[in-house]
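Enquirer: structure, please.
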Amino acid sequence: MRSTSRTETFPAHTPAASQIFTTVLSHGPLTRLEAARRAGLSAAAVTKAVRPLLAAGYLMEAADEEARPALGRPASLVRVDGGRALFIGVKVTGGELIGVLTDLCCRIRLARRIPLTDRATKAVLASTAELAHELLAEAEDFGAPVLGLGVAVSGDVDRAEGVVRYSPFLDWRDVPLAELAAATTGLPVTVENDVRALTVAEQWFGAGVGLSDFAVVTVGAGIGCGLVVHGRVVAGAHGVAGEIGHVTVDPAGPPCHCGNRGCVEAIAGEAAIVRQIRQATGTQVADAAEAVTLAHRGVPGAREVYARAGEAIGRGIATVANLLGPERVIISGEGLAAYDLFAEQIRDAFTTAAFGSAAQCDVQTRPLPFEEWARGAAATAIQSFISLDHPHPSR
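Expert: Next up, the predicted model:
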């Protein structure tokens, strides 16, 4: 089988070129003048930046026939040619791998899921390679090269080195995943924390487009948080920025797997909720779905567990708002299936704990399937490909 993947270098050799491309990717199609305004560059700098991108087919320029002026020719619009290249994104969960094939505009063209029965590194690598090769084979029909693979994993991920430092759900420590996955797939690989990967997708294509400062809080098996500050996704010096799941909101609360007590995750993570509902109701609840069912039925004690979880999440979000003052906080994750059970408590706790004007932060809910998380992984691969700041560690 002929591979549709190949090594290719993005024809942007200056930060301005990457910046213009990202601006058009998120906001386009745009006139050159509008692209210059949004990117804070001169018209001359934009002309210089787009020239090699147009020549290589990554950008296209055509007249905007719908905006024809009264006199003269219509303005030309610059847009990304989404069909110029393809990327693969994989989201790793405790029980399955979710993979997507996207175009250069990060539009999902194909999505596939395969079960994950073994969380050992070797088994996950084999399954990732199987999924990637399946998507590579199907990419033949699109007639464009696959230029990168993004893998999103929960936990402490060092993207620059391509290493998973610690993933509690997978029980991994210091796994050089980018290097290993590149060897098994033949693709340049970017490895990122799953919540930060989702945050990149929201920044470029979702509810964060156009915002300089916002946060994505995910509720589910864990409580995660991705931060965008001054237009950049923040990882911190050690890659763990935004870990609100391990902010203590009740010093006398239940023990957390991190070693502390009363963390947001120890109260509001799905495993914690299931455990507390078992204790409160005396029922052997199997999983989060069954816990939600009991609470909706009004089983005594179940709703109170969700109320405490909502309060903990609200305090955690208020901590983010107080520290960073984001314009918006986007709440997502599989835990939103229970949102009606703790929405009021999240809102009340946030309002109470947010200081001053931080309470004006726009808090939104945005249910997203795991395919969107995989899309976020693909977005990080696109980011690595086009950006001088994010080279592929596996190259």
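
Enquirer: where does the stretch 101-250 of the chain have low pLDDT?
Expert: Residue ranges of the stretch 101-250 of the chain with pLDDT under 70: 237-240.

Enquirer: just the helices in it please.
Expert: 121-139, 177-185, 194-205 (DSSP state H, counting those that start in this stretch).

Enquirer: what sits up against the second one?
Expert: By C-beta atoms under 8 Å, 6 or more residues apart in numbering, the list of residues contacting helix 177-185 from outside reads 121, 125-126, 128-129, 132-133, 136, 149, 151, 153, 161-164, 187-191, 392-395. All C-beta spots, glycine's among them, are computed from the backbone N, C-alpha and C.

Enquirer: out of those residues, which end up buried?
Expert: 121, 125, 128-129, 132-133, 136, 149, 151, 153, 161-164, 187-191, 392-394 (16 or more other C-beta atoms under 10 Å).

Enquirer: just give me the neighbour total for residue 43.
Expert: A count of neighbours around residue 43, defined by other C-beta atoms under 10 Å, yields 12.

Enquirer: please name the nearest non-neighbouring residue to residue 335.
Expert: Counting by C-beta to C-beta, 6 or more residues apart in numbering, residue 219 is the residue found nearest to residue 335 once chain neighbours are left out, at 3.4 Å.

Enquirer: who does that neighbour bridge with?
Expert: Beta-bridge pairing for residue 219 (DSSP bridges): residue 223.

Enquirer: burial measure for it, as a count.
Expert: Counted with other C-beta under 10 Å, residue 219 comes out at 29.

Enquirer: any idea how far it lies from residue 349?
Expert: Distance check for residue 219 against residue 349: by C-beta to C-beta, to the nearest Å, it reads 14 Å.

Enquirer: mind listing the shared neighbours of those two?
Expert: Contacts common to residue 219 and residue 349, judged by C-beta under 8 Å, 6+ apart, are residue 313.

Enquirer: hang on, residue 60 is in a helix, isn't it?
Expert: No. Going by DSSP: H, G, I helix; E, B strand; the rest coil, the assignment for residue 60 is strand, not a helix.

Enquirer: residues near the nearest residue to it once chain neighbours are set aside, how many?
Expert: The shortest distance from residue 60 to any non-neighbouring residue, by C-beta to C-beta, 6+ apart, is to residue 81 (4.9 Å). Applying other C-beta under 10 Å, we find 17 residues neighbouring residue 81.

Enquirer: which among the helices of the stretch 101-250 of the chain is found nearest to residue 364?
Expert: helix 194-205 (10.5 Å; C-beta to C-beta).

Enquirer: for the residue nearest to residue 60, give me its contacts.
Expert: 57-60, 104.

Enquirer: so which two of those residues are the farthest from each other?
Expert: 60 and 104 (11.3 Å).

Enquirer: for those two, indicate the residue with more neighbours.
Expert: Neighbour comparison, residue 60 and residue 104: the larger count goes to residue 104, with 21 against 17 (by other C-beta under 10 Å).

Enquirer: who's in contact with the residue most central in space within the chain?
Expert: For the chain, residue 198 is the residue whose C-alpha lies nearest the centre (C-alpha atoms, centre = their mean; 1.0 Å). Residue 198 makes contacts with 152, 216, 218, 226, 332, 368, 372-373, 376, as judged by C-beta under 8 Å, 6+ apart.

Enquirer: how many neighbours does the closest residue to it other than its chain neighbours have?
Expert: Leaving aside its sequence neighbours, residue 198 sits nearest to residue 376 (C-beta to C-beta, 6+ apart; 4.1 Å). Residue 376: 32 surrounding residues under other C-beta under 10 Å.

Enquirer: wait, residue 376 sits on residue 190?
Expert: No. Applying C-beta atoms under 8 Å as the test, residue 376 and residue 190 come out as separate, 11.1 Å apart.

Enquirer: overlap in contacts of those two?
Expert: Common contact partners of residue 376 and residue 190 (C-beta under 8 Å, 6+ apart): residue 150.

Enquirer: what segments of the stretch 151-300 of the chain are strands?
Expert: Using DSSP state E, counting those that start in this stretch, the strands found in the stretch 151-300 of the chain span residues 156-158, 163-167, 172-175, 189-193, 214-219, 223-229, 232-234.

Enquirer: in its sheet, what does the third one sit against?
Expert: For strand 172-175, the pairing partners within the sheet under DSSP bridges are strand 163-167 (antiparallel).

Enquirer: check the offset of the partner strand from the chain's centre.
Expert: What separates the centre of strand 163-167 from the centre of its chain is 17 Å, taken as C-alpha atoms, centre = their mean, to the nearest Å.

Enquirer: for it, which outside residues touch it?
Expert: Strand 163-167 is contacted by residues 153-158, 170, 172-178, 191, 239 when judged by C-beta under 8 Å, 6+ apart.
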